[in-house]
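how does the following fold in three dimensions:
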Amino acid sequence: MIDIHSHILPGIDDGAKDLEGSIEMARKAVQEGIHTIIATPHHKNEKFENPKQDILPLVEQLNRRLQEENINLNILPGQEVRIFGELLEDYEKGTILPLASSSYLFIEFPSDSVPRYTEKLIYDIQLTGFQPIIVHPERNAELMERPEKLYRLVKNGAATQLTAASIAGYFGKNIQKFTGQIIEANLAHFIASDAHNITTRAFKMKEAYDFIEKKYGSQMVYYFMENAELLIDQKAIFKEIPQQVKKKKILGIF
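Numbering: from 1, shown residues only. Prediction:
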């Protein structure tokens, strides 16, 4: 498996606290069957600012340590960018880091809202040749309330990445339900761990894929896994035609 979203780099954000914590996470990842991880520390959120030049040396350091420990895991550089208006300007300045030297770029929303300028920025990002990937939309309060906003973003070219723990139910039944609705409406393109540690925010990738296989079949598993491989290989991902999220009936009433 390939995990495109992880906070495995040591001491840089709210993920692994130190190098030993990174090694613990690496061992756990390998146990789950993960062979490649994109390290995506937070950038431009309320607490952390991790520009490209700070991330790259830590990725090299961690890969060297993994080789010394004989841990068969490859770490690639990335960044989880909290959306902000000057994102493209900062890319030109050299502080924004796409995923694994590809044209794919993580975009994170605040947990409770979607900024008004989002649609225009997503459009502008694509004009520059990048493919924006919205991370964990299933955990955004505004998108849960107004899923048509997510539909419009995907219809207009954005991709999305769901969290493995959301699929497996670790963020509660409401988020798990919304995650399923996103998958069923063809609004999801990647599954990733967003792992921060091996206890409270662990990988849960195998558990998520097992759940998907039981509920949606092996083809859906292959779809998500193949897209992760295509991203790493810097190729175009698979996309199904997006649909509106269907409102579920409650006692026969919409």
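
what is the burial count for His42?
Neighbourhood size, His42 [other C-beta atoms under 10 Å]: 20. Quick note: C-beta positions are derived from backbone N, CA and C, even for glycine.

so it is in contact with Asn50, correct?
Yes - in this structure His42 lies within contact range of Asn50 using C-beta atoms under 8 Å: 6.4 Å.

spit out the residues that contact the two alike.
Counting by C-beta atoms under 8 Å, 6 or more residues apart in numbering, the shared contacts of His42 and Asn50 are Asp13.

mind listing the helices for the stretch 1-150 of the chain?
Taking DSSP state H, counting those that start in this stretch, the helices of the stretch 1-150 of the chain run over residues 19-32, 52-68, 87-93, 118-127, 141-145, 147-155.

turn the ones you listed into JSON lines, including distance to His7.
Shown next, in JSON lines, are the helices of the stretch 1-150 of the chain (distance: least, C-beta to C-beta, whole Å):
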{"stretch": "helix 19-32", "distance to His7": "9"}
{"stretch": "helix 52-68", "distance to His7": "12"}
{"stretch": "helix 87-93", "distance to His7": "20"}
{"stretch": "helix 118-127", "distance to His7": "23"}
{"stretch": "helix 141-145", "distance to His7": "22"}
{"stretch": "helix 147-155", "distance to His7": "24"}
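
just so I know, which of these lies nearest Gly169?
helix 141-145 (15.6 Å; C-beta to C-beta).

ok, residues contacting the closest one?
Residues outside helix 141-145 that contact it (C-beta under 8 Å, 6+ apart): Phe109, Ser111, Asp112, Ser113, Val114, Pro137, Glu138, Lys149, Leu150, Asn174, Ile175, Phe178.

quick one on the thing from earlier: adding mean pLDDT, distance to Ser166 and mean neighbour count, write the helices of the stretch 1-150 of the chain out as CSV.
Shown next, in CSV, are the helices of the stretch 1-150 of the chain (pLDDT from 0 to 100; distance: least, C-beta to C-beta, whole Å; neighbours: other C-beta atoms under 10 Å):
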stretch, mean pLDDT, distance to Ser166, mean neighbour count
helix 19-32, 98, 17, 18
helix 52-68, 98, 25, 15
helix 87-93, 96, 25, 15
helix 118-127, 97, 21, 15
helix 141-145, 97, 11, 16
helix 147-155, 98, 14, 20
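
nearest to Gly78, of the ones you listed?
The minimum distance between Gly78 and the helices of the stretch 1-150 of the chain falls on helix 52-68, with 7.8 Å, by C-beta to C-beta.

check which helices and strands the closest one sits against.
Contact partners of helix 52-68 among helices and strands, from 3 or more C-beta pairs under 8 Å, 6 or more residues apart in numbering; DSSP states H and E: helix 19-32, strand 36-39, strand 74-77.

pairing partners for the second one, with directions?
Each strand that pairs with strand 36-39, with its direction, by DSSP bridges: strand 2-6 (parallel), strand 74-77 (parallel).

for Lys239, give me its contacts.
Listed by C-beta under 8 Å, 6+ apart, the contact set of Lys239 reads Ala159, Asn186, His189.

can you give me the neighbour number for the last one?
Pointing back at His189 there. Neighbours of His189 under the rule other C-beta under 10 Å: 24.

the second one now?
Applying other C-beta under 10 Å, we find 15 other residues in the vicinity of Asn186.

could you report the pLDDT at it?
In this model, Asn186 is scored at 98, pLDDT.

surely it is in contact with Gln244?
No - in this structure Asn186 lies outside contact range of Gln244 using C-beta under 8 Å: 10.2 Å.
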